[in-house]
Each structure stands twice: as structure tokens, then as C-alpha cells.
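below are the sequence and a predicted model; questions follow.
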Amino acid sequence: MKDFIAGLPKCELHLHIEGTLEPELKFELARRNGLRLPYPGVEQMRAAYTFDSLPSFLRIYYEGMRVLCTEPDFYDLAMAYLRKAAEQNVRYAEIFFDPQAHTSRGVPFDVVIRGLRRALMDAEARLGVRAQLIMCFLRDFQAEYAMATLLESLPYKEWIAGVGLDSDEKGNPPVKFAAVYERARQEGYLLTMHCDVDQDDAVEHIRQAVEDIGVNRIDHGVNILEDQRLVEVVLERGMGLTCCPISNGYVTDSMKAEAIRKLMDLGVRITVSSDDPAYFGAYVGENLEALQSVLQLTRDELARLERDAFEIAWLPRHVKDAYL
Ligand code: ADE
Ligand code: ZN
């Protein structure tokens, strides 16, 4: 099964580029930018990755990205992920980036996006991995800052497939960003957002995302199982959920494998991704292996997960068909 999973052509739809920053590269970038890290070495840094909730993960995630300062830093970050993706036979990836996590530290939007974009172009040419960017707003910042970020992105619209919403969900419901999402839709962006697993008001957040905002897909979203009506809406619309089993195991009490199985059985389009692989110690291949071993997924079911991922990818029909 390990070999089958390794050889499966993959589509990764839920991946935060800042969450791919491995400790080795963190140290290299800190040295390059003359910054000190609060750990003596890579081992000690990895040992500090002990999360048991979304906020406890986010604290370390934001602290880690302080070393990202220049265009080459963002290039190196994305190129390192895309090399790893190519090794795991990822053929196509949609990559989240968090511009406000950088602009709020004084790093210009232009620096962030140019570095990422250059890596995507090089990876397609040299590694045969195609990728697009999804710009995420930080939901624990004000909606006005998200709107300003959306406007700042417009000159780069051709480089951005859509928008997402991430960071701390507590007290930050989807409707807080209704006007931002409406404008993003008018500008031609596709829409997704995190509805993280087992958060307060999880089902109401999913309802808002689906019915009030009208997202094209949902990141995580497994609590939808608690509302049969919403499951039916998602089925009718052919919407997909981007699930991240190993990430679930870090921010909640389990991988939520049984919930994923139920959603698959109901016919919901489910995909498996890695979320923040440098922090959760698992890229997409390891996520598929972990889910397979718990659920005893067959080869056909594993192939279906990847087919569903290409099916809900933000690509023109003829491009998807070439992967399927
Ligand atoms: N930012 C990076 N990873 C995230 C996650 N899993 N949930 C919310 N915000 C995030
Ligand atoms: Zn995520």
C-alpha cells in the first residue's frame, strides 16, 4: 500500500506555504537575515512543536515566520515545498499564503507574492509540478484590514486563483468577512474558507460559509456531519471539503478518520492534504498513509480521493481532464 500511495498522482488543495517552513530552512533564513531564534538548534525547535489546540499551534506558526523577510526568502520557502511535492508525486497544488502575517511585520505584499510566484513558475518548468496561489485573510484581524489586503492584491489578480480565511476561528465567524468575500467574488476570485474541526459554533460557521457567503469549497468542515440538511446542500452543489487528518490529530483529540469515512460514504467530495506539514511532521503522502491504515481504505478509495481533489480543483475543465 505504501508503494501504491507513493505512486498515486496527487492533488494537494490545503497547504499553507508558511506551514512548510522546516526548522533547517528557518535557521538558514535567520542567519541570512541576522535574526536570533529562541532555540539552540533544529532538534530543540522540533521538540517545542507540542500543540493541542488551534491557538497553541498558531502561536508557534506565527513566531516561526518572522524569518521570512525578502523576496528570495519566499522563493526558497515555496521552492522547498514544491521539491518535496514533486518527490511525493504531487502533480498540482493550490497553495495558501497569509499576506497579513507579513505585511503586519512590515514586509511588503509585493515582496511576498513575487517570491512565491517566481518559485511556482520555476517549479512548473523544472519539476513539472503545477501550482496556484490562494490568498488567505487572517480572521482574527479586523475585516477592514482584510478588505485593504484584497484591494492591495488586485494588481496581482492574474497570479491569485482565489481567497481563503484562516487563523483563530474563536469569535471570528464567516459573516464578519461577508463584504470582503462579496468584493472578492466581484473581482473574479474563487472562494474558500477554513471551518476548523471542533471549534465553537462549528456547524453555524459552516452554515454561514455555505449559505451566507456562498463559498466554492470548505477547508476542514468535517463537523458538517452534525447537520444533515447542510450535507445535502453540499451534495447538491458538488462542493468538496479539504481534510487534513494528521493536522486534526494535533488540534483536536483525533484524526477524525471515522467522520471522513462517513462523509465519503455519503458521497461528499473529500480530499486529503497536509495543512502545515513542517509543524505536523507529515506531507500529503504520510497523511494518506495514516488515513489508509486507520480506515483500511482500498486502492480504489485512495484513487477516488485524488480524483475528487482534481475534480474540485480550481482549474479549467480541459486541464482537469488531462490529470484524470
Ligand atoms: N493557519 C495555518 N494553518 C491553519 C489551520 N489549520 N487553521 C487555521 N489557520 C491556519
Ligand atoms: Zn489550514
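Arrived safely, thanks for sending. Treat the numbers as computed from the prediction; the structure is a model and nothing was measured. Ligands and ions are numbered 1, 2, ... in the order given.

count of neighbours near the residue nearest to residue 227 when sequence neighbours are not counted?
Among residues not flanking residue 227 along the chain, residue 203 sits closest, at 5.1 Å (Cβ to Cβ, 6 or more residues apart in numbering). All C-beta atoms are positioned from the backbone trio N, CA, C, and that covers glycine. Residue crowding around residue 203 was assessed by other Cβ atoms under 10 Å; the count is 16.

any idea how far residue 203 lies from ligand 1?
Note on residue 203: its distance to ligand 1, by Cβ to the nearest ligand atom, to the nearest Å, is 17 Å.

got the contact list for that residue?
223, 224, 226, 227, 230 (Cβ atoms under 8 Å, 6 or more residues apart in numbering).

at 10 Å instead, please
With contact set as Cβ atoms under 10 Å, 6 or more residues apart in numbering, residue 203 has these partners: 195, 221, 223, 224, 225, 226, 227, 230.

buried subset of those residues as a ChimeraX selection?
Selection of the buried residues among these in ChimeraX, burial being defined by 16 or more other Cβ atoms under 10 Å:
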select :195,221,223,224,225,227,230
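
can you tell me which of the contacts of residue 203 are in strands?
Of the contacts of residue 203, the ones assigned to strands by DSSP state E are residue 195.

which single one of the contacts of residue 203 is nearest to residue 323?
residue 221 (23.5 Å; Cβ to Cβ).

before we move on, the earlier item: which of the helices or strands spans the residue nearest to residue 227?
helix 202-207 (DSSP states H and E).

residue 13 now?
strand 10-16.

ok, residue 235 next?
Short version, using DSSP H and E: residue 235 is in helix 228-237.

mind giving me the packing neighbours of that helix?
helix 202-207, strand 217-220, helix 257-266 (3 or more Cβ pairs under 10 Å, 6 or more residues apart in numbering; DSSP states H and E).

of all the ones you listed, which lies closest to residue 94?
Across the helices and strands packed on helix 228-237, closest to residue 94 is strand 217-220 (Cβ to Cβ), at 10.0 Å.

near ligand 1 at all, that closest one?
No: Strand 217-220 lies apart from ligand 1 when judged by Cβ under 6 Å from any ligand atom; the minimum separation is 7.2 Å.

what strands line up against that strand, and which way round?
strand 190-195 (parallel), strand 240-243 (parallel) (DSSP bridges).

can I get those strands in JSON lines including mean pLDDT and distance to ligand 1?
Formatted as JSON lines, these follow (pLDDT from 0 to 100; distance: least, Cβ to the nearest ligand atom, whole Å):
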{"stretch": "strand 190-195", "mean pLDDT": "98", "distance to ligand 1": "5"}
{"stretch": "strand 240-243", "mean pLDDT": "98", "distance to ligand 1": "10"}
